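Asks: below is the sequence, then the predicted model.
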Amino acid sequence: MPKEDQEEELEVLQSIYECDECFKEINSTTFQYRIGDEGEAMSFLLEVSWGEDYPDVTPNISLDAFYNNHIHREVKDDILQRLKEQAEENLGLAMTFTLIEWAKENREELMAKQLEILQNKRIEGENKAQESPERQVEQVVGNKKEKKEQLTKAQKRRLADRTDHKGERPRGWDWVDVVKHVSHIT
């Protein structure tokens, strides 16, 4: 019986969404529907896949598609929870169309928390931008580890030959440059 119900629902979904670019049939038991306009911050991709005993059991509902990476985990969990509640109410019935339409109708409510999170991030970004540039540089420098310069053996040997035992160059080591400079001035 579940197999016949699945075949019937598949035909219905194909006839309803055949020209809808938001709907994608992955295989005969897995479907994706983009809720909202493509590229919009408040849009998400809903994936519904049927198990062997569907519609007597709830379908697998997922928001794990790459398209949904912009959605905060807490928002995803809330959407999934509410969709699962809808699925429980429709147990025993063909519910894929119902779930998709419910998500479309309640998109703004489902994504309200996402909007709050985006606004908070924007405010944090503005606050950082208002900080003094010196403070921002201090934070960046403070976060990075100081990287020591790696010298080859030959470089170390040349450096040791040019310096005394304290690592200092002998007095007058650059006198040739001073003489050249003075000779060009006169």
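Replies: Good, I have the coordinates.
Asks: if I look at the residue nearest the centre of the chain, how far off is Leu46?
Replies: When the chain is reduced to its mean C-alpha position, the closest residue under CA atoms, centre = their mean turns out to be Asn69, at 4.5 Å. Look at Asn69 and Leu46: by CB to CB, to the nearest Å, they are 15 Å apart. C-betas here are computed from N, CA, C, even on glycine.
Asks: how about Gln6?
Replies: Between Gln6 and Leu46 the distance is 18 Å, computed by CB to CB.
Asks: do Val179 as well
Replies: Plainly put, Val179 is 80 Å away from Leu46 if you go by CB to CB.
Asks: Gln6 and Leu46: which has the busier surroundings?
Replies: Set Gln6 next to Leu46 and count neighbours by other CB atoms under 10 Å: Leu46 wins out with 23 against 20.
Asks: how about the more buried one, phi and psi?
Replies: Its backbone dihedrals place Leu46 at phi -100, psi 130, with angles given as degrees, to the nearest 10.
Asks: all helices for this structure, in order.
Replies: With DSSP state H, the ranges of helices along the chain come out as 2-17, 73-89, 96-105, 107-110, 112-130, 133-143, 153-162, 175-185.
Asks: so how far is the shortest one off the chain centroid?
Replies: In other words, helix 107-110. Centroid displacement of helix 107-110 relative to its chain, using CA atoms, centre = their mean, to the nearest Å, is 20 Å.
Asks: the third one now?
Replies: Its chain's C-alpha centre lies 25 Å from the corresponding centre of helix 96-105 when counted by CA atoms, centre = their mean.
Asks: ditto for the second one
Replies: Distance of helix 73-89 from the chain centroid (CA atoms, centre = their mean) equals 21 Å.
Asks: avg pLDDT for that helix?
Replies: For helix 73-89, the mean pLDDT works out to 89.
Asks: fine by me, we can end here.
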